[in-house]
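S.K.: starting from these lines, generate the structure:
(chains A and B)
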Amino acid sequence: MRYAETGYHLEIDLSRGNIERVETDPKLTELHLGGLGTSVKVHWDRVPPEVNAFDPENLLIVSSGLLNGTPAYSANRTLFTFISPQSGLLAYPMMGGFFGAELKYAGYDKIILRNKSPKLVYIWIHNDKVEIRDASHLKGKGALETQDLIREELKEPRAQVAAIGLAGENRVFTASIEQARSSASRLGGGAVMGDKNVKAIAVRGTKDLYLARGEEFMKLMDEVTEYINFRNANPIPDVMTILSGIGSPQEMKHTDEKWHTENFMWGNARTRRRDFWSKENEENWTTAQLSAIQRLISCFNCPQQCGALVSSEAVGGKKYMMKCFGKLTYSMAAYVDDLRFNFKILQRATEYGVDSFSTPQILAFAVELYEAGILTDKDFDGCPSDKEGRFFWLLDRVAHREGIGDVLADGVYYAARKIGNGAEKFDHNTIKKHEQLPLKLGMLDPIYYLMYSTNEKISITQIEGNFPQAAFPTREQREAFVRDWIQVPDERFKQYVIEWEPRGDKSIPYFPTPEMCSEIVDWMEMLHNIDDALGLCAGMGSFCLKPPYHIHNYPKLISAATGMDLDEAGLKKIVNRSRNLHRAFNNRRGMTRADEKPPEDHWKRRFPELEENLLSTYYRFKGWNMNGVPTRKRLEELDLGYVADDLEKRGILQDGQD
Amino acid sequence: MLLTTWKSEVYCKMAKTKRIVKSIRVDADKCNGCRACEIICSAFHATPKYSSVNPARARVHVISQRLKNIWIPVFAGEYTPAECMGRNKYVIDGKEYDDCAFCRAACPSRDLFKEPDSGLPLKCDMCESDPSLNKPKCVEKCLNNVLVYEEREEEVDEEEIRPADVEIGIGTMIDKYGLDQVLDTVARISASKRG
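M.R.: Predicted coordinates:
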């Protein structure tokens, strides 16, 4: 009997319509846990580096996490892994919602899609019955609309449906995969799904999922429950509201947007508006938000309320679901001071199925090029002249891949190079060809420097987390913060926080030291890798300050759920193995030290020597060579000798580089 | 006439008793649709307890029509062998609900509240267990207080003795055994009961 996992993959060859239910090797769970860990392993084994995003051999793996479907609160993330059309590397956008657990109740841990369907189809998984069904009638339908249409067609209101919109069908590089209130947005999963001609995947499961030591698991969950209640009643003092709670940022609940609107950049990550949050704007935005939000909603088995059902009644009437920073991104990118614009355009963008981080920046980039005369009236033929109309027009062009939209649909990096004529200079906010949060700051932050540069996620919100984002002003505050900090993997992290000052010798960029920064970043990465293997929402583990899940209770929960006897060291080793395999996979695709850098203008004050030292120190800490490739020694320690062999054979690892 | 007097006397003597009514107040407006109630319900009722999870076996179900702003936890009630003849629609607050939406029955019209493999009906038992819990598990795990456990005392009439029913019963005995036999038996039993 398999516990916590089902022990089966669903393998679908889309070109031939062949469907197989394949039993997995339990040893893989011991080595890679599940979720991201086991998916990376499948990609390593089956996708050679010559394969590109839109090649039939590119696998699209839809994966649950190891704890999805168990009573662990917030274990609801579904992961999509594939070679990204944008970064060319192994991407793993995730979504919350309800899909992963339902997939497990249907009897599968993962769906592995290979090759391409000759026509547009959707996949219907109902326990042991799996069908590939015609989706020609769904062509061009919205990503949310499609979910309800499929449920009606199947007469199964309890089916969970992940779908793409028009953008995915048209292989827009920022196309998302949408499900319920969630979406897997980053790096073009929707484009790969569209390329495979899969409009949607619907699943309904009514099977049992087993726990090895259920009573013990529930006792551990009682402790977690108690802590969730405690944290919800006790926000962390002395930090911004948005960082004080647990869950993903409670953007739907909070109306105070002073911090985002005045510290994040407007337009194409261009302008900081330090005086935006006036009384008048505050009142307008608060009214707009409160009147648009009809209900706060959750993902599967989660007590937090990070999403909302929105009705843009005042501006069009349709309902959709919203979460997080998507609330602001379009208004800020378009320089529209009216938040109602964001509520309105996000409805259309959600139905098209596009990433609400990258897409607004692409549109803002186009507007800048037009204003600079690099794009011309010919490119903008038919475009309204007002800011709002322009954004709607551009969004339509991108989703349809029409005219200039076809160029922009490849994202800022590729569009800039295709347009040329100086457009490259306007690509100032991408890392590894991927649009980043619109932040431009003053002083180099060494911790963020490492996170931005090195993480395989290429998206800061999925890397940062447990360590405070900035030094607390007073020693009293620091001491108060560390007092009940049970989550630290080692007591020395408390000392780092206590010593860390906002100004002076013990402040950024020289403090924390490169060694300390490496440890801090390693800790946060480790947590994200655990969450991504378990399918736990980062909002309850790796992403926030003082979360309910941490290194001291993860191994106990995993052990009780699976029957494996894991301790902290064992768990750390597993995720370290997964991380190194992921890195090696990307190295094999050509990623090197030269790619590991934040945008040049991310900070005004840069320290090239320190930055090189940071990167080298971190590489050494991780057991990588100076080119960012894991050494044979490190790989062998992690039972990845076969990876070292492969890297050596390809000349990526060379003798003596240890 | 005699019978009537006797009847009224019994009515006068009929006592009131108290009983505990267990209930779960469902504040559907607060429901975020997370289905934690379904998960814990199925785990608690698994054999052995907490050995498996399967919301399809839960005795509570959150009806969700997300884009219609409908999220309603409904609990499993009695099994019914036949489905209703008519189905009404309710429109509340602009949202349209089928009659079945609020129905607790395990019924032939749907697969809700039935064991997914055997089809046997499921029924909420308020997590009766030994030792008894303070509150049902779904209430405990609903951290947004959509489900609130309440116990209230109700005064109810003791079971009413209906003379007509007694008469029918004794009449049948008399028909079967004869009046004398019955009277003898009653006299003997009453003598022994009264010592």
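S.K.: dump the residue contacts of residue 118.
M.R.: Just going to use chain A. A:15, A:197 (CB atoms under 8 Å, 6 or more residues apart in numbering or on different chains). Every C-beta, even on glycine, is put in place using the N, C-alpha and C of the backbone.
S.K.: so it, which of the three states?
M.R.: coil (DSSP: H, G, I helix; E, B strand; the rest coil).
S.K.: per-residue confidence at it?
M.R.: pLDDT for residue A:118: 98.
S.K.: number of residues surrounding residue A:178?
M.R.: By other CB atoms under 10 Å in any protein chain shown, 32 other residues sit near residue A:178.
S.K.: no wait, residue B:107
M.R.: Residues lying near residue B:107 (other CB under 10 Å) number 21.
S.K.: also residue A:1?
M.R.: Quick note: residue A:1 (other CB under 10 Å) scores 6 neighbours.
S.K.: list the contacts of it.
M.R.: With contacts defined as CB under 8 Å, 6+ apart, residue A:1 is in contact with residue A:210.
S.K.: report pLDDT for it.
M.R.: 89.
S.K.: do the same with residue A:313
M.R.: For residue A:313, the predicted pLDDT is 66.
S.K.: tell me the helix or strand right after the lowest-mean-pLDDT helix or strand in chain A.
M.R.: Lowest on mean pLDDT, DSSP states H and E among the helices and strands of chain A sits helix A:241-244, with a mean of 87. For helix A:241-244, the following helix or strand on the C-terminal side (DSSP states H and E) is helix A:258-263.
S.K.: list the buried residues for the following helix or strand past that next one?
M.R.: Going down the chain from helix A:258-263, the next helix or strand is helix A:279-292, by DSSP H and E. Counting neighbours by 16 or more other CB atoms under 10 Å in any protein chain shown, one finds that the buried residues in helix A:279-292 are A:281-282, A:285, A:288-289, A:292.
S.K.: and for stretch A:107-120?
M.R.: Across stretch A:107-120, burial judged by 16+ other CB under 10 Å covers A:107-117, A:120.
S.K.: and which of the residues you listed is nearest chain B?
M.R.: In terms of CB to the nearest CB, no member of the buried residues of stretch A:107-120 lies closer to chain B than residue A:107, at 11.1 Å.
S.K.: would you agree that closest one falls within a helix?
M.R.: No. Counting by three-state DSSP, residue A:107 is not found in a helix; it is coil.
S.K.: quick one on the thing from earlier: what's next to the least confident helix or strand of chain A, contact-wise?
M.R.: Contacts of helix A:241-244 (CB under 8 Å, 6+ apart): A:235-237, A:249-251, A:254, A:256, A:259-260, A:469, A:544-545.
S.K.: and the next helix or strand past the one helix or strand in chain B whose mean pLDDT sits lowest?
M.R.: In chain B, the helix or strand scored least confidently by mean pLDDT, DSSP H and E is helix B:2-13, which has a mean of 44. Following helix B:2-13 in sequence order, the next helix or strand is strand B:16-26 (DSSP H and E).
S.K.: mind telling me what element the closest residue to chain A within chain B is part of?
M.R.: Residue of chain B nearest chain A, by CB to the nearest CB: residue B:50 (2.9 Å). In the assignment (DSSP H and E), residue B:50 maps to no helix and no strand.
S.K.: ok, it touching residue A:210?
M.R.: No. Counting by CB atoms under 8 Å, residue B:50 does not reach residue A:210; the two are 10.3 Å apart.
S.K.: can you pull the domain assignment for the chain?
M.R.: All of this refers to chain A. For chain A, automatic domain parsing gives the domain ranges A:8-204, A:245-418, A:444-468+A:509-649.
S.K.: that's the wrong chain, I wanted chain B
M.R.: For chain B, the domain assignment from automatic domain parsing gives the residue ranges B:2-14+B:159-193, B:18-157.
S.K.: which stretch in those domains has the least confidence?
M.R.: Ranked by mean pLDDT, those end with domain B:2-14+B:159-193 at the bottom, a mean of 76.
S.K.: quick one: it to chain centroid distance?
M.R.: 32 Å (CA atoms, centre = their mean, to the nearest Å).
S.K.: which residue does chain A bring closest to chain B?
M.R.: residue A:214 (2.9 Å).
S.K.: just to revisit the earlier point, TSV for the buried residues of helix A:279-292, including pLDDT?
M.R.: As requested, the buried residues of helix A:279-292 are exported to TSV (pLDDT from 0 to 100):
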residue	pLDDT
A:281	97
A:282	97
A:285	95
A:288	93
A:289	94
A:292	92
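S.K.: around chain B, which positions in the stretch 101-250 of chain A sit nearby?
M.R.: A:105, A:144, A:148, A:157, A:180-181, A:205-211, A:214-215, A:217-218, A:225, A:228-229, A:232 (CB under 8 Å from any CB of the partner chain).
S.K.: go ahead and build a ChimeraX selection from the buried members of the residues you listed.
M.R.: This is the ChimeraX syntax for the buried subset of these, where burial follows 16+ other CB under 10 Å:
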select /A:105,144,148,180,181,205,206,207,208,209,210,211,214,217,218,225,228,232
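S.K.: from the residues of the stretch 101-250 of chain A next to chain B, which land in strands?
M.R.: If you go by DSSP state E, these have A:209-210 in strands.
S.K.: how about the residues of chain B by chain A?
M.R.: So far as CB under 8 Å from any CB goes, chain B lies against chain A at B:29, B:32-36, B:39-40, B:43, B:46, B:48-57, B:64-69, B:71, B:116, B:141, B:143-144.
S.K.: can you give me the helices for chain B?
M.R.: B:2-13, B:36-44, B:137-141, B:163-177, B:179-193 (DSSP state H).
S.K.: any idea how many residues pack against residue A:443?
M.R.: The number of residues packed near residue A:443 is 14, by other CB under 10 Å.
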